[in-house]
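K.L.:
Sequence and predicted model, in that order:
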Amino acid sequence: MTPVPAHTGDHEIIKLHGVVTRGINQALFFTEIPWVKKQFIDKLGIDPYPGTFNITVMASDRDKLNQIREAKGIKIIPEDKNFCAASSFPVLINRQIRGAVIIPQVHDYPPEKMEIISTENIKGALSLNDGDQVEIEVYL
């Protein structure tokens, strides 16, 4: 599991709220690429469940999401020029499931979207459906 700080002294915590959304089914492929999976394990401590947990961040929290995107996170460096770099931060979903937000470094990434990886199927573990609201704690 991703190490989430036991205290907040060393980390700023940003709480976001969003709605569970369906992705475009590209992350299933991405999380299984050997070099991607290796970096997730080595850098984030996560052997990812295939795919990502997708959130549409509430409009009232978009400034917080922008703050996260601008922060210095854990870098995922592509080994293939057809892929982009990404940054990542540990997260806690609904105060129960640990994971990491993956922020692709591309100019046209949707400003309201957030993708999270975890060792487990987050939707299943939390009995969530598309349209359900969630709280995400991001550890900068």
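P.N.:
Structure received.

K.L.:
now the end-to-end length of stretch 41-51.
P.N.:
15 Å (CA to CA, to the nearest Å).

K.L.:
Then stretch 115-129?
P.N.:
End-to-end span of stretch 115-129 (CA to CA): 16 Å.

K.L.:
Then stretch 48-56?
P.N.:
Chord length of stretch 48-56, first to last residue, is 21 Å (CA to CA).

K.L.:
Could you pull out the buried residues of that stretch?
P.N.:
By 16 or more other CB atoms under 10 Å, the buried positions in stretch 48-56 come out as 48, 49, 51, 52, 53, 54, 55. Every C-beta, even on glycine, is put in place using the N, C-alpha and C of the backbone.

K.L.:
Centre of the chain to that stretch, how far?
P.N.:
Offset of stretch 48-56 from its chain centre (CA atoms, centre = their mean, to the nearest Å): 7 Å.

K.L.:
which stretches of the chain have low pLDDT?
P.N.:
By pLDDT under 70, the weakly predicted segments of the chain are 1-10, 23-29.

K.L.:
all helices of the protein, in order?
P.N.:
27-30, 34-39, 62-70, 122-125 (DSSP state H).

K.L.:
Name the residues of the second one that are buried.
P.N.:
The neighbour-count criterion (16+ other CB under 10 Å) identifies 36, 37, 39 as the buried residues of helix 34-39.

K.L.:
For the first one, which non-adjacent residue is closest in space?
P.N.:
The reference is to residue 36. residue 30 (6.0 Å; CB to CB, 6 or more residues apart in numbering).

K.L.:
The residue nearest the centre of the chain and residue 21, how far apart?
P.N.:
Ranked by distance to the mean C-alpha position of the chain (CA atoms, centre = their mean), the top residue is residue 101 at 1.6 Å. From residue 101 across to residue 21, the span is 14 Å (CB to CB, to the nearest Å).
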